[in-house]
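>>> Just a sequence and a predicted model for now, questions to come.
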Amino acid sequence: MAKLADVLNVLEQHYPPATAESWDAVGLVCGDPDAEVRRVLFAVDPVAVVADEAIDWGADLIVTHHPLFLRPVHGVAATTPKGRLVHRLISNGIALYVAHTNADSAADGVNDALAAAIGLRDLRPLSPHPGEQQDKLIVFVPEPDAGRVLDALTAAGAGVIGNYERCAWTTSGTGTFRPGAGANPTIGRVGDIEEVAEFRLEMVLPRRLRAAVVDALTAAHPYEEPAYDIYELAALPASTGLGRIGTLEQPETLREFVRRVAGALPSTVAGVRAAGDPDAEIRQVAICGGAGDSFLQAARRAGVDAYVTGDLRHHPVSEAMDDGGPALVDVAHWAGEWPWLVRAANRLRADLSGEGTRVETHVSVVPTDPWTLHEPSRPTGAAVPEEGTTAER
């Protein structure tokens, strides 16, 4: 039977905690890594109704998208809703694990699932993460020793580009130097000008490995004082990040697109609303699961036709429309993140399908969107009651 540690290892391979935003709180909230896990419930929110569902189903672990605690706490007494939830989970032997912004940015994570539900293709991040910081090393090596030095640098982690390793560029030339007093030259004599056939060897390396690569260079290089340069390269965007930009297979009007979105997501009381010309053509779309008004300008700069996200507010939307921004489609926060649960559950079950590690998974369909009632507005053109009067309904 799988241990909780086995399950967490799989989850963190797909949704690395290190990729969560700095303000986020992800990982194991409660639970013993040595405990056995047979049943895993996936849900968006760690709330009382989800705990009820987990207890009724006999779950050993709940995986939620939203954190239970985002601010530091100094106790979990059962005198608060969150404290009571922790006590209920622990007393029923249920662990709680959170994958939040790390699941937002991950490949096949929250935003990829939302994009797929809507029918977008050719995806790329709306807000890419910065790529890993890179250096370039240039070193001059006598020709007979170039292969040995190249191998040593490779072993230290230099020369990796994508799926390729030992990547290097070499050019031949002539190195010249004159050993001074106190030198112990490998080639030549003190006081004499020397000219040596050398290779100029260039390799990229992660900046975090700079010290190790330089140590490998000095250990492998035949010269007493190797000549080398290190340049810090500009950071390039990574292939991961928050939000997604994609394309519909065929353009459609905003009115049609809103119907598409509403039909793709779980039903909520508030439904789906949009800002923009109902007849505008929509082809390229940006999305962000959850609350995404912080990326309104990013969507505008990307030149998309529509931006789909949740928790949009009056003033930012009004300003975006006045600024010539894309059409905005506002979905329930919970509904925009729910499609990921199915993918995450299927992935975990597949990865733990071996003998002795199998787990059952279940995706909660209990709506945890907090809104429970919606009254349609007065039809467009209906008389507005004068002050002091009551409108007939």
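All right, it came through fine.

>>> is it true that Ile187 lies in a helix?
No: if the criterion is DSSP: H, G, I helix; E, B strand; the rest coil, then Ile187 is coil and not within a helix.

>>> From the chain's centre, how far out is stretch 258-268? Work that out for me.
Here the centre of stretch 258-268 is set off from its chain's centre by 24 Å, with C-alpha atoms, centre = their mean, to the nearest Å.

>>> quick one: buried residues of that stretch?
Across stretch 258-268, burial judged by 16 or more other C-beta atoms under 10 Å covers Val258, Arg260, Val261, Ala262, Ala264, Leu265, Pro266, Thr268. No exception for glycine: its C-beta is placed from N, CA and C like everyone else's.

>>> what about the first one, distance to Gly246?
The reference is to Val258. Distance, Val258 to Gly246, using C-beta to C-beta, to the nearest Å: 17 Å.

>>> again, but for the second one
Note on Arg260: its distance to Gly246, by C-beta to C-beta, is 13 Å.

>>> swap in the last one?
Note on Thr268: its distance to Gly246, by C-beta to C-beta, is 23 Å.

>>> quick one, what contacts Ala107?
By C-beta atoms under 8 Å, 6 or more residues apart in numbering, the residues touching Ala107 are Thr240.

>>> so how far is Leu236 from it?
For Ala107, the distance to Leu236 equals 18 Å [C-beta to C-beta].

>>> same check, this time on Leu114
Plainly put, Leu114 is 26 Å away from Leu236 if you go by C-beta to C-beta.

>>> quick one: which of those two has more around it?
The neighbour count for Leu114 versus Leu236, taken as other C-beta atoms under 10 Å, is higher for Leu114 (30 against 12).

>>> Just say helix, strand or coil for the more buried one.
Per three-state DSSP, Leu114 ends up helix.

>>> I'd like to know how many residues surround the nearest residue to it once chain neighbours are set aside.
Nearest residue to Leu114 in three dimensions, chain neighbours excluded: Gly289, at 4.8 Å (C-beta to C-beta, 6 or more residues apart in numbering). Gly289 has 30 neighbours, counted by other C-beta under 10 Å.

>>> now do the one 3 residues further on
With neighbours defined by other C-beta under 10 Å, the count for Gly292 comes to 29.

>>> list the contacts for it?
Here Gly292 is in contact with Gly243, Tyr307, Thr309, Gly310, Asp311, Leu312 (C-beta under 8 Å, 6+ apart).

>>> What sits closest to the fifth one if chain neighbours are left out?
In space, and not counting its chain neighbours, Asp311 is closest to Ala291: 3.9 Å by C-beta to C-beta, 6+ apart.

>>> Repeat that for the second one.
Counting by C-beta to C-beta, 6+ apart, Tyr307 lies nearest to Ala299, which is 3.9 Å off, once chain neighbours are set aside.

>>> element containing the one you found, please.
Assigned by DSSP states H and E, Ala299 belongs to helix 296-302.

>>> buried stuff in that helix?
If you call a residue buried by 16+ other C-beta under 10 Å, then helix 296-302 has these buried ones: Leu296, Ala298, Ala299, Arg300, Ala302.

>>> sec struct for Val7, please.
Using three-state DSSP, the secondary structure recorded for Val7 is helix.

>>> does it really touch Glu36, like I thought?
No: Val7 is not in contact with Glu36 according to C-beta atoms under 8 Å; the separation is 10.2 Å.

>>> Among those two, which residue is more densely surrounded?
Just comparing Val7 and Glu36: by other C-beta under 10 Å the higher neighbour count belongs to Val7, 25 against 13.

>>> quick one: contacts for the more buried one?
Neighbour list for Val7: Val37, Val40, Leu61, Tyr97, Leu348, Leu352, Val359 [criterion: C-beta under 8 Å, 6+ apart].

>>> Which pLDDT value goes with the first one?
What that stands for is Val37. Val37 is assigned 97 on the pLDDT scale.

>>> Let me see the contact set for the nearest residue to it once chain neighbours are set aside.
Spatially, and ignoring its direct neighbours in sequence, Val37 is nearest to Asp60 (4.5 Å; C-beta to C-beta, 6+ apart). Counting by C-beta under 8 Å, 6+ apart, Asp60 makes contact with Leu4, Ala35, Glu36, Val37, Arg38, Arg39, Val40, Gly93, Ile94, Ala95.

>>> Now do the strands in the stretch 151-300 of the chain.
In the stretch 151-300 of the chain, the segments counted as strands under DSSP state E, counting those that start in this stretch are 169-177, 194-206, 228-232, 237-242, 244-253, 273-275, 281-291.

>>> Let's have those in a markdown table, adding mean pLDDT and distance to Leu150.
Shown next, in a markdown table, are those (pLDDT from 0 to 100; distance: least, C-beta to C-beta, whole Å):
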| stretch | mean pLDDT | distance to Leu150 |
| --- | --- | --- |
| strand 169-177 | 96 | 8 |
| strand 194-206 | 97 | 6 |
| strand 228-232 | 97 | 13 |
| strand 237-242 | 82 | 27 |
| strand 244-253 | 98 | 40 |
| strand 273-275 | 97 | 58 |
| strand 281-291 | 97 | 44 |
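
>>> most tightly surrounded among those strands?
The highest average neighbour count among the strands of the stretch 151-300 of the chain, using mean count of other C-beta atoms under 10 Å, belongs to strand 281-291 at a mean of 22.

>>> Am I right that Val139 is in a helix?
No: looking at Val139 with three-state DSSP, it is strand, so not inside a helix.

>>> who's it bridged to?
Leu201, Tyr228 (DSSP bridges).

>>> Do I have it right that Val304 meets Val285?
Yes: contact criterion C-beta under 8 Å: Val304 and Val285 qualify, at 5.8 Å.

>>> which residues do the two both contact?
By C-beta under 8 Å, 6+ apart, the residues touching both Val304 and Val285 are Ile245.

>>> Measure how buried Gly325 is and give me the count.
Residues near Gly325, counting by other C-beta under 10 Å, number 21.

>>> Let me know the helix or strand that it is in.
Here Gly325, judged by DSSP H and E, is contained in no helix and no strand.
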